[in-house]
Each structure stands twice: as C-alpha cells, then as structure tokens.
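Sequence unavailable; structure follows:
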C-alpha cells in the first residue's frame, strides 16, 4: 500500500511522553486537586454545591438523601466516581474540619475521632445558609461564565460567585502531580476585615493585613506557638506552623490530679486522637513517666475531653512538657498556599490572595449590576409605555377593535401605520398615526390587563416607575464610580461577617520551647523473668522471695530468672551470633503470673529467625570470661568487657562459619569449669582440659574443639573439674563422665555404645 510521505510526522517518543505527562499533570492540578483562588473550591466541591442549588436544596427546605445528590452530580457534572463526590460532601458538612461548613448534614457524617460517615444511602443533606448567601446567590445575574459539562448536555459555572475569600476561610488540602496544597483555615470576621482593608488600600503590606488576620484559626482551637514566624509564612505562602493542644489541670477523686486535654491540634483530627492515647500508654509502659495512673477519652458532642489521671504528688507542669515533646499534642502544620490563579497553579502570599479575590469581586459586581441595570432599564421602558398608554387608552382600544391581527396593531403602535385598521373617524385615524411606542412597550400594552385602567393601579405604576428610576440611578452610580462599588462590596462583606462570623478559637503566641526533665530512677534490685515463649518482665524481690520454690520448680513458665538492677541492662545472645541489649526500665514491672511483653518488641530480636542461647545481666556478662561453642564445635574464650557497649542495642557477638550457628555461651566458673565434655548427635564424646581453648576477640571464629563426621553436629556439652565423679543419662542409662578418657582438643572423640 502506498502511503503519502507528506502525511507521516516524525516525532521523538520521549517528547511525546513528556508532553502527555505534562498534560496529565495539569489536568489533575486544574480539574481535580487544587482549588481556584476565586472561590476557594475544587471542581468536585463546586459541582456538588451547584447541583444542590439546582435541586433546590435550600436551607429552609427538607433534607434530601445524599445518594440522590451524589448521583445527580456524577451524572451531570463530575463523572469521576461517587466516592470522591460523597467524600467532598461529607467534609463540607464537618464543622471540625472547615472554618465554616458549607453543607448542612443530617445523620452520621463522621466524628472528630476518625469515625467514618454512614453510607450515602442513609445520610441526608441540604445547603447551609452561608452557602446560599455567599456562594450561590448571584448565579442568576450573569456574574460568572457557564461552560459545557463533560458531554455538552448541561451547562455548569466555571467558578461560583463567592463573596468571601473562601480559600482562606475554609483552607484546603490536596495532592496533585508533583505538587500539593495545604492552607490552614482562618476566622471569617478577620478575613473580611482584612479584605476591606485591602480594598481601601491596595498598597497595604502583609504586616498591615496581619493587623486584622492574626493567624490561622482552626476549628479545633489549640495554640499556635510560633507567632513570630507567621509574617514570613504569609509573605511567601509557605512555612510551618507549630500548634499544640490546650491542657488544663483539674482536681480528681482521692486527691489525684487530672490533666484534661480540651483542645487538640488540627493535625490530630481522626486517628490522631487514638494514636495520642496509645503514645501516652507507651510512655507509661516504657517508664518515661510513673506519674500517670489512667487515661480516658470522655469526648462528646460538647467537645474534646481527654482525661489523664495523675498521682497526688505528680509534677503536672513537667508532665505537660512530656506530653508536648513526646506525643502529637504538639505538632507541625505544613503551609503551602497553592491555588489555581489565571489558569495555572501558583503559591500565593496573603497580599496576592486578596489581590486576586478583590479583582474577582469587582468583576462579579460589575457583571451583576450591569445585568441589573439592563433589566431595570427594560422595566422602565415598559413602565413609561404603560403610563403613556393610559392617557391614550380609548384610541388604543379603537385600534385594537379595528385590527384583524396582532401584527397589524403592533405595526400601528410602533410606527403609526394605520393601514388595515378601521377607525370610527378620520380624526381617530390621524391621531393614531402619531403612535411611536417601542416594540417592548407595544408588546406590554397588548398584554396589559384592563385592571390597569383603575386609578389605584395607575398610582402604583407611577410609584413603581419612580422606584425603578432610583434603582437605575443607583446601579449607574455603582458602575461609574469605583468608590461607590468599593463601598457596596464592603457592605456585603460586613453583612456576611455579622451573620455568619464567630469569635476566634485558636490562640496565637510565641511560646518557649518546652523541655521534659526526667526524674532520676531510684536504684533497686529486681528479678528478670522470661517464659519459654519469650515474654519478659520484672518482679520485685519480695515477690520473688515469697514464690521462690514455685519459680524454681516451674521451668516451663520461668525459663530464665536472675537478679538485676532496675537501671541495668540485659544481654541476650542468640544462635545467629548476635547480642541484643535491652534496658530493664523498658520491661514492665508485673505480678508473678502476668504475661509481660515479647522480647521482639523491645529489641531487634526476631523470634521467627533466632533462638535464645544465653541471657544474663549485662554487668555480669562484662565481668565474666565467656565460652562460645558453635554447632560445628568451633570454640573460643572471650573477655566479657568486649561487650561493654554504651549506645548500641544490637551487636555481633561472634563470627560463624558457613552453615554454622551458635550453640552455647557460658560464663566460666574458673574453679569448677576445668574440663569440658562435648557430645554429638552421632554419639561421639570427647573430653579435654579447658586450658586448651584459646582466648580470642569477639570477631574471631575460634578453634575447632572436635573433628566431626560429615552431617554430625554438637548435641550437648558438660563441665567438670578434675575430681568430678558426675554422671549423666545417655540413651536411658547412666554414664559416668570419667568413662570418656581425657584427651586433647580437636580429636575425633570416642563412639559410646550403651
């Protein structure tokens, strides 16, 4: 097949992919994730509110099922799935997320503690009054452009005619491709005052605007602690705001003190509350504090109330500092005031935001009053025609009765053409030739009811015309004089702020950096206890002494028990050749039969890959000489001081050959451990003096203690002195250790048959 070479376009594949990705990124930015600076709304929010307005879901009307709203919005304007529409609807109805909620929800719309909203088939919604007054009110006055929807079967507004800087009032959060927006919420009254200040003085500085906007105002309240950094954040549109919850002290029962969290950081909304409580429990379990007795979440519809019960003598100020420094009760809100401005994403400072929105307000009001002026002028034209027609009503009626159709009389009324009309006299016909009504006036005359001829109706018409002339004069004044337009915008801002504003919730200050002073732990003896499943804890010495016989007789439940210090450390050698170190303070102090916590949770020990070989107090380990023996009979002695590490929690205790694993570690008893006897799975025994085992560094593999046959490995080892007559049980029979003759290290050993 011949192909015209002129129709073939050569293009670099990477260039096509790059352009396609850029187009995709811009689509996500503009059409999904980033709000428009003019109305502060993302497309899904704008479409949902517009659809609710179209459905007539005003604040004084009954609620409508959210499923209906979501379905209508998706079918007409936003074909990107119902979940995104419902999620945005839910958020706009949550007063703990928005500076001013836009939707009045009825039913379960979630909670500040992270509970999700009920399914949309159960919940109902309608518009909030502020949305009607400040977002949708002037849509019918040609204030904004309408564009075709996705399939060009409907029209939707390009932007809503929002009268307040909603981008600041309600903030925004969204992740696009390669960028994200994160704007905190602000106080409606403060924002409107700042916008009025900008209208009156466009050269006002950021510092001047901050005279009205003190800083973010979160619906959860809290305290912003870096007020001095806010000017830079508002100048650049980027930065970090430090916010902490509010904690007050109350008296509890039995003289206990209560720390009550009544306000939380905005960032803690949702799962953060549960995480905070979990973190407080961890502080207690890790013994960061011993002053906390209990914590409970007593929050309700009245507000947040998280109660921390403390001991009578607790240092509550120091405990507050601990909560601020070790939990999310003090957190950082990252600010990046990114919005779509003039069709492209832009990070905007406070002044740029007001510049964009005030320009939008001027455009809205210019279009609004131009539209109203046109309508009033048309109304005035009709009114003047009707007033004039009242004086000529007899002649008009005569023309009507003498005409055959509407077109003929219309022509007569507008041009004075009397052809085709039969008048009673030539005088009447001549007078009719002076008619010069406009087409709009003529149509109104023909549609006029006879009741208009009543004297009172005429008086009302004259009064209505006078009101129309006043309205025309007012609209012309607004359109011709910028100062009058500015005054009108400020008046509207005042009305909205007065009706829907509230007092500030978030306190702004420059707080000092908090520091927690950890109380010194009083040194005491405790017993380390670990069961066969690897659950460890500590018990006090009195409990141990009372239950000594039980503990020593129940090896299954008490696999490892030894005396240590509560401020000490425990060393755990494993078969992989690692030494894991845990602080005794990290272990819970429990009753005798309590379970404790898994060693895995306190160290890097992995029970799925490692087994315990030797456990002891680290101070005892450091003071000892340790014997290391592997399954392949590699042996060495190591000075315990090599394991005296201060900061590391896991260290390599020894080196192992390929396929080998650590079999035993033992702190030597220099008086009694004079000889060692090794036993293999294959039934070979060898006995030799301990002096034949050399001392090595911990990183060494060691020397061979016994030559093993292929596939054989160590199964047991025994220690004895020269005069020891010790016997062991081997294959169901007693065997004296001295039955194995004393030899040299690295022999094949003796095969024992019983």
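Alright, I've got the coordinates. Here the structure is a predicted model, which is why all the values come from computation and not from measurement.

can you list the weak-confidence ranges in the stretch 351-500 of the chain?
Counting by pLDDT under 70, the low-confidence segments of the stretch 351-500 of the chain come to 450-456.

Then the stretch 651-754 of the chain?
723, 754.

List the residues that contact residue 690.
Contacts of residue 690 were listed using C-beta atoms under 8 Å, 6 or more residues apart in numbering, and they are 668, 673-676. Backbone N, C-alpha and C define where each C-beta goes, glycine included.

what's the spacing between it and residue 61?
Relative to residue 61, residue 690 is positioned 94 Å away (criterion: C-beta to C-beta, to the nearest Å).

circling back to that earlier point, tell me the most packed of the contacts of residue 690, by neighbour count.
Of all those, residue 676 has the most neighbours under the rule other C-beta atoms under 10 Å, reaching 23 neighbours.

I figured it hits residue 721, correct?
No - contact criterion C-beta atoms under 8 Å: residue 676 and residue 721 do not qualify, at 11.0 Å.

about what we covered before: quick one: which two of the contacts of residue 690 are the most distant?
Farthest-apart pair in the contacts of residue 690 is 668 and 675; separation 11.9 Å (C-beta to C-beta).

So this protein: which segments form each domain?
28-162, 246-328, 356-500, 520-612, 624-754 (automatic domain parsing).

ok, and which of those domains has the densest surroundings?
Among these, judged by mean count of other C-beta atoms under 10 Å, the one packed with the most neighbours on average is domain 28-162 (a mean of 19).

For that domain, the averaged confidence score.
Taken as a whole, domain 28-162 carries a mean pLDDT of 93.

How far away from the center of its chain is the longest helix anywhere in the chain?
Ranked by residue count and defined by DSSP state H, the top helix of the chain is helix 350-391. Here the centre of helix 350-391 is set off from its chain's centre by 44 Å, with C-alpha atoms, centre = their mean, to the nearest Å.

same check, this time on stretch 405-421
Between the centre of stretch 405-421 and the centre of its chain there are 72 Å (C-alpha atoms, centre = their mean).

Over to stretch 429-444?
A distance of 70 Å separates the C-alpha centroid of stretch 429-444 from that of its chain, computed with C-alpha atoms, centre = their mean.

picking that back up, just name the closest of the contacts of residue 690 to residue 179, please.
For the contacts of residue 690, the nearest to residue 179 is residue 668 (64.8 Å; C-beta to C-beta).

so the closest one makes contact with residue 638?
No - under the criterion of C-beta under 8 Å, residue 668 makes no contact with residue 638, lying 10.4 Å away.

to the chain's geometric centre, what's the distance from the host helix or strand of residue 85?
Secondary structure here is read from DSSP states H and E; on that basis residue 85 sits in helix 82-92. Relative to its chain's centre, helix 82-92 lies at 16 Å (C-alpha atoms, centre = their mean).

who touches that helix?
Judged by C-beta under 8 Å, 6+ apart, the contacts made with helix 82-92 from elsewhere in the structure are 42, 44-45, 47-49, 66, 69-71, 73-74, 78, 97-98, 101-103, 105, 109-110, 117, 120, 125.

show me the contacts for residue 547.
Under the criterion of C-beta under 8 Å, 6+ apart, the neighbours of residue 547 are residue 592.

Just want to check the distance between the spatially most central residue of the chain and residue 597.
Of all residues in the chain, the one closest to the mean position by C-alpha atoms, centre = their mean is residue 267, 6.1 Å from it. Relative to residue 597, residue 267 is positioned 29 Å away (C-beta to C-beta).

And residue 684, by the same measure?
The separation that residue 684 has from residue 597, given C-beta to C-beta, amounts to 42 Å.

do the same with residue 492
For residue 492 relative to residue 597 (C-beta to C-beta), the value is 62 Å.

ok, now residue 651?
As for residue 651, its distance to residue 597 is 22 Å (criterion: C-beta to C-beta).

Residue 50 too?
With the distance defined as C-beta to C-beta, residue 50 ends up 56 Å from residue 597.

Check residue 639 too.
Between residue 639 and residue 597 the computed distance is 32 Å (C-beta to C-beta).
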